[in-house]
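Peer 1: based on what follows, work out the 3D shape:
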Amino acid sequence: MMAASYRSLWALTTLAILPSACAHRAPSTPGVMDVDWDVREFYRPPSPLPNEAPGFVLGHETLTGLAALEGTKLNERVLYLSNSGGPGEAPIAVSGIIAVPEGDAPTEGWPVVTWAHGTLGIADKCAPSRDELGASAHWYNQAPHRLLNQFLKQGWAVVMSDYEGLGTPGRHPYLLGNSQAYGVLDIVRAAHALHGGKLSKKFAIVGHSQGGQAALFAAARAPGRLKDDGLELVGVVAYAPASAMEALFYAGTAQTTTSPNAAFMPLFLTGAIAGNPSELTPENILQTGAQQLYANVDTQCRTELSETGSWGGFVPAGKVLKLNAPLAKLNAQLRAMEPGVLTLTTPVRLVQGGQDERVNPAQTALVSAGLISRGAQVEYVGCPVADHFGVLGDDIPGTLAWLKQRFTGEAPSEPVRSSCQRIDPPPGTPQSVPASQAR
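Peer 2: Numbers count the residues shown, from 1 in each chain. Model (predicted):
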């Protein structure tokens, strides 16, 4: 049996889209490629990719329908340059969404929130920018829209990466930290390439579940990634960030009954394999039956992987790992996904639902303690009646007040009314340690 603390963690939340091809012209706007797009071909980038910097816009078009946010002057689907998070960090194309508020931009420009979405799956059809009614990931793609629409009402632009391989060619490397970080950061550059005169240089990162982990990795990589862009990261908000991947993976392989949560085992493996593709493969890790099921990640969203016709009908115990699987190398990649070992120099707000059965509150407390021990300034907030998705609504007042203070430097003029409250660390826990002293 899986330990109770890991069983409740055993389900995170994040994305996907659709491949394609297009005709290109030389760019007439700096940072943007002029393209004659066929909508069906939007997600297939030019080959070879242009020799341009990350954030260079390969294509963009107006986005309508359920994937679009409300209360905006413009929603756009965008294809932009980024880098793979695997060895060599090859240039890649990543898709996403850009939404700008209604009305005229202030003199200093609209601040930007770059959103990192939760678990949707690996298949291209799951991607947020491809969302439509009836899609298997539709409910999960819509879950954060209430929060994101509130950002727009505050006069903040919202950008949303689909992540590497979700919609664009290649397999999405689930929870591979650098891969997600680059996608989340480079779409800010893409937004400035398209709307730079209307956007502030100040931006914040916000993410949930898989995206909470991605947000923390993006915040850690931002100082090096964006050092020459003049962009200012003011803070990061992570709701129920994914953690404990190594423990969760092995707890899953030991299950003696079927469970919808078995779907997360192949997702974890996509990220681990992408982190070390020369030494980790499905063939040298998985037994034959598990190998056959593993291929489902390319066509099924997470909800479909959880069904009885896929991983949800599979009894894992003794049937997942080969006896000679390279476990030391696999474990190293799973540990590399951990957000609590990052060094962050920007303010952090961690938000956790007390009724969350997907990410255990104890795990987020450990992430908080780990970040603080490495010098981070962390505000840890608990929402006692919120579950994994409920936290996105319950903490709206607190998140808006916190982000507004980060953007303007002004503290709230009156107390924030919310069921979510700051949780102080146990006595003896350091509030922060100078980064120079962190080990």
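Peer 1: may I have stretch 351-368 as CSV, with CA atoms only?
Peer 2: Extracted in CSV, the C-alpha atoms of stretch 351-368 (Å, rounded to 0.1, in the frame of the first residue of the first chain):
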residue,chain,number,x,y,z
VAL,A,351,-0.2,28.8,-1.4
GLN,A,352,-1.6,25.4,-0.3
GLY,A,353,-5.1,24.0,0.2
GLY,A,354,-5.7,22.2,3.4
GLN,A,355,-8.0,19.7,1.7
ASP,A,356,-5.7,19.0,-1.2
GLU,A,357,-5.7,15.3,-2.0
ARG,A,358,-3.3,15.6,-4.9
VAL,A,359,-0.4,17.6,-3.4
ASN,A,360,-0.1,16.9,0.3
PRO,A,361,0.2,20.1,2.4
ALA,A,362,3.2,18.5,4.2
GLN,A,363,5.1,18.4,1.0
THR,A,364,4.6,22.1,0.3
ALA,A,365,5.7,22.8,3.8
LEU,A,366,8.9,20.9,3.0
VAL,A,367,9.3,22.9,-0.2
SER,A,368,8.9,26.1,1.8
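Peer 1: please state the offset of it from the chain centre?
Peer 2: Computed by CA atoms, centre = their mean, to the nearest Å, the separation of stretch 351-368 from the middle of its chain amounts to 17 Å.
Peer 1: could you do stretch 118-125 as well?
Peer 2: Worked out by CA atoms, centre = their mean, stretch 118-125 lies 11 Å from the chain centre.
Peer 1: show the end-to-end separation of it, please.
Peer 2: Start-to-end span of stretch 118-125 (CA to CA, to the nearest Å) is 15 Å.
Peer 1: any chance you could map the strands in the stretch 201-350 of the chain?
Peer 2: 232-239, 348-353 (DSSP state E, counting those that start in this stretch).
Peer 1: which stretches of the chain form helices?
Peer 2: Along the chain, counting by DSSP state H, helices occupy 4-7, 138-142, 145-153, 177-195, 210-225, 245-253, 264-275, 282-285, 288-294, 302-305, 327-336, 361-373, 391-394, 396-408.
Peer 1: columns mean neighbour count, distance to residue 78 and mean pLDDT on top of those, output as JSON lines?
Peer 2: Any C-beta I mention is one placed from the backbone N, CA and C, and that applies to glycine too. Output for the helices of the chain, formatted as JSON lines (neighbours: other CB atoms under 10 Å; distance: least, CB to CB, whole Å; pLDDT from 0 to 100):
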{"stretch": "helix 4-7", "mean neighbour count": "14", "distance to residue 78": "38", "mean pLDDT": "38"}
{"stretch": "helix 138-142", "mean neighbour count": "19", "distance to residue 78": "17", "mean pLDDT": "97"}
{"stretch": "helix 145-153", "mean neighbour count": "18", "distance to residue 78": "16", "mean pLDDT": "97"}
{"stretch": "helix 177-195", "mean neighbour count": "26", "distance to residue 78": "6", "mean pLDDT": "98"}
{"stretch": "helix 210-225", "mean neighbour count": "26", "distance to residue 78": "17", "mean pLDDT": "98"}
{"stretch": "helix 245-253", "mean neighbour count": "21", "distance to residue 78": "30", "mean pLDDT": "97"}
{"stretch": "helix 264-275", "mean neighbour count": "25", "distance to residue 78": "23", "mean pLDDT": "98"}
{"stretch": "helix 282-285", "mean neighbour count": "16", "distance to residue 78": "32", "mean pLDDT": "98"}
{"stretch": "helix 288-294", "mean neighbour count": "16", "distance to residue 78": "31", "mean pLDDT": "97"}
{"stretch": "helix 302-305", "mean neighbour count": "25", "distance to residue 78": "24", "mean pLDDT": "98"}
{"stretch": "helix 327-336", "mean neighbour count": "17", "distance to residue 78": "29", "mean pLDDT": "98"}
{"stretch": "helix 361-373", "mean neighbour count": "21", "distance to residue 78": "31", "mean pLDDT": "97"}
{"stretch": "helix 391-394", "mean neighbour count": "22", "distance to residue 78": "24", "mean pLDDT": "96"}
{"stretch": "helix 396-408", "mean neighbour count": "19", "distance to residue 78": "23", "mean pLDDT": "97"}
